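K.L.:
After the sequence you'll find the predicted model.
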Amino acid sequence: MFTIANGIILKGENLVPNRENIVVDEGKIIEIAKDAREGKIIDVDGAVVCPSFINGHIHIGDSIIKDEGYGLSLSEMVKPPNGVKHVALANASDDELVEAVRCSMWDMVNSGTTHFIDYREGGVKGVKLLKEASKDIPIKPIILGRDDSFYGEDPDLTKVKIAIRKLLKIADGIAPSGFGEITMDVAEIISEECEKAGKISSIHVAESESNQIESLNKYGLSEIEKGVKANFSQLVHLTNPKNDDLDFVSKTAANVVACPRANATLNVGVAPLNDMVNLGLKPLLGTDNVMLNSPNMLRELEFTSKVMSVYHRDYIDAVEILKMATTNICGFKINDVIQKSVIMEDNFAEFNIFNSFSKNPYLNIINRVETKNILYTINKRFNV
């Protein structure tokens, strides 16, 4: 049992600041109160206590090719099966892949991340490799698998179903690349099978303008509309929405994830997070491909704050930005799979304690904090 004393606690899903103490016993928060003091006392002297980070979207497998292919187009970099990434993955040994992935997981741990949602290539074998690689690292991977049988204009739907069911026995969900590679039949089977299994179905949508235009011209539907109609539980990117796309998403229970640094690197646009927040959506942030970016959520937060204000000529409240890396997942059914805690009594103790440099606790984290300013990452689910 221990007490985090004299901290500025960002409490609950809305990150409400309170000057209170937190008592932790056997991995759970048992009390939050000004006068609470039990067990070992850790006086943090005004430091900011914030829920740990979740990286909402990452491709950790391409850690093996950091910064290769810079300046190439989105398709040249990541479109299966011949993108730079997929060729590299096909040619990498298991040992090379595991070592690179482990390094990226430790990068996340050291920068305050306790959960990440990975789009896992390589079918069942790829899922097993990531599970093996993460065994002794204090981080929770949420693994969304995929299989080559999903792709093509005339897939064998029986094989698709068999592949999905095999994956769902060991993975946390299914995540094909995008609608440029799969049919609506495959998309609907994925979401139906994931729904039955109580797991996550996710897909990239509207990452590039050209993808959106092609989808509208060919099907009369945007990629975002297709993602909603297919009933995916999580949509990633939404960088280039068209017409009423965002309003359409806001009327569903779908979780959304934006990846501003990756979108900037690939020169595909800036996700309209301002509009999403105004519509009541609760986006997460993800660092996306490790070959493009470090998986550091502190860097993602600062970039997001600044690019939104300059691109959309409007500010997003700093607390809303911080929620995108911490608590926005918690109000959705999808969190039954992810199991990410907020700072409340009876929850798991999963939080970061940051040096304080500013009177604004949110901008302190977004603008000021670096990895070296993390005093503690408490992740008692893993005895850290």
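P.N.:
Thanks, I have the structure now.
K.L.:
going forward, measure contacts and count neighbours with C-alpha atoms only.
P.N.:
Noted.
K.L.:
Strands of the stretch 201-350 of the chain, start to end?
P.N.:
234-237, 255-258, 284-285, 288-289, 350-354 (DSSP state E, counting those that start in this stretch).
K.L.:
same deal with the stretch 51-200 of the chain?
P.N.:
Using DSSP E, counting those that start in this stretch, the strands of the stretch 51-200 of the chain run over 53-59, 113-120, 140-145, 173-174, 200-205.
K.L.:
and these, which is most packed in?
P.N.:
Ranked by average neighbour count under the criterion mean count of other C-alpha atoms under 10 Å, the strands of the stretch 51-200 of the chain are headed by strand 173-174 at a mean of 28.
K.L.:
on that earlier part again, can you say which of the strands of the stretch 201-350 of the chain is nearest to Glu99?
P.N.:
strand 288-289 (16.5 Å; C-alpha to C-alpha).
K.L.:
So what touches that closest one?
P.N.:
By C-alpha atoms under 8 Å, 6 or more residues apart in numbering, the residues outside strand 288-289 that reach it are His57, Ile58, His59, Ile60, Asp62, Ser63, Cys259, Ala262, Pro295.
K.L.:
Reformat those as TSV; add pLDDT.
P.N.:
TSV is the format used below for the contacts of strand 288-289 (pLDDT from 0 to 100):
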residue	pLDDT
His57	98
Ile58	98
His59	96
Ile60	96
Asp62	89
Ser63	92
Cys259	98
Ala262	96
Pro295	98
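K.L.:
between those residues, which is closest to Val369?
P.N.:
So of the contacts of strand 288-289, ranked by how close each gets to Val369 (C-alpha to C-alpha), first place is Pro295, at 15.7 Å.
K.L.:
pretty sure that closest one is touching Asp107, no?
P.N.:
Yes: proximity of Pro295 to Asp107 meets the contact threshold set by C-alpha atoms under 8 Å, at 6.9 Å.
K.L.:
Quick one: closest of the strands of the stretch 201-350 of the chain to Asp275.
P.N.:
Asp275 lies closest, by C-alpha to C-alpha, to one member of these: strand 255-258, at 12.5 Å.
K.L.:
In PDB, could you pull the C-alpha coordinates for the closest one?
P.N.:
The C-alpha coordinates for strand 255-258 follow below in PDB (Å, rounded to 0.1, in the frame of the first residue of the first chain):
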ATOM      1  CA  ASN A 255     -14.700   5.100 -31.800                       C
ATOM      2  CA  VAL A 256     -12.400   7.300 -33.900                       C
ATOM      3  CA  VAL A 257      -8.600   7.700 -34.000                       C
ATOM      4  CA  ALA A 258      -6.600  10.500 -35.700                       C
END
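K.L.:
Which among the strands of the stretch 201-350 of the chain is found nearest to Lys199?
P.N.:
Nearest of those (C-alpha to C-alpha): strand 234-237, 10.8 Å.
K.L.:
Give the pairing partners of the closest one; include direction for each.
P.N.:
Sheet pairing of strand 234-237 (DSSP bridges) gives strand 200-205 (parallel), strand 255-258 (parallel).
K.L.:
Would you reformat those as JSON lines and include distance to Ile137 and mean pLDDT?
P.N.:
JSON lines is the format used below for the strands paired with strand 234-237 (distance: least, C-alpha to C-alpha, whole Å; pLDDT from 0 to 100):
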{"stretch": "strand 200-205", "distance to Ile137": "23", "mean pLDDT": "98"}
{"stretch": "strand 255-258", "distance to Ile137": "25", "mean pLDDT": "97"}
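K.L.:
Now tabulate these in JSON lines and tack on distance to Asn82.
P.N.:
Rendered in JSON lines, the data for these read as follows (distance: least, C-alpha to C-alpha, whole Å):
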{"stretch": "strand 200-205", "distance to Asn82": "18"}
{"stretch": "strand 255-258", "distance to Asn82": "25"}
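K.L.:
Could you point out which of these sits nearest Leu130?
P.N.:
Closest to Leu130 of the strands paired with strand 234-237, according to C-alpha to C-alpha: strand 200-205, at 17.3 Å.
K.L.:
Contacts for that closest one next, please.
P.N.:
Strand 200-205 is contacted by residues 144, 172-179, 190-191, 194-195, 223-224, 227, 232-238, 334, 337 when judged by C-alpha under 8 Å, 6+ apart.
K.L.:
Just the buried residues of the residues you listed.
P.N.:
In the contacts of strand 200-205, burial by neighbour count holds for 144, 172-179, 190-191, 194-195, 223-224, 227, 232-238, 334, counting by 16 or more other C-alpha atoms under 10 Å.
K.L.:
out of the strands paired with strand 234-237, nearest to Pro51?
P.N.:
Closest to Pro51 of those, according to C-alpha to C-alpha: strand 255-258, at 18.2 Å.
K.L.:
Would you mark the buried spots in the closest one?
P.N.:
Asn255, Val256, Val257, Ala258.
K.L.:
just curious, which of the residues you listed is nearest to Ile32?
P.N.:
Nearest to Ile32 among those: Asn255, at 29.5 Å, using C-alpha to C-alpha.
K.L.:
quick one: contacts for that closest one?
P.N.:
Going by C-alpha under 8 Å, 6+ apart, Asn255 touches Ser233, Gln234, Leu235, Lys282, Pro283, Ile329, Phe332, Ile334.
K.L.:
Just give me the closest of these to Val84.
P.N.:
Leu235 (23.6 Å).
K.L.:
hmm, who's touching stretch 1-12?
P.N.:
16-26, 36-51, 342-344, 361.
K.L.:
ok, now how distant is the most centrally placed residue in the chain from Glu26?
P.N.:
By C-alpha atoms, centre = their mean, the chain has its centre lying nearest to Gly56, at 0.5 Å. Gly56 is 27 Å from Glu26, where distance means C-alpha to C-alpha, to the nearest Å.
K.L.:
Also Asp288?
P.N.:
Distance from Asp288 to Glu26, counting by C-alpha to C-alpha: 34 Å.
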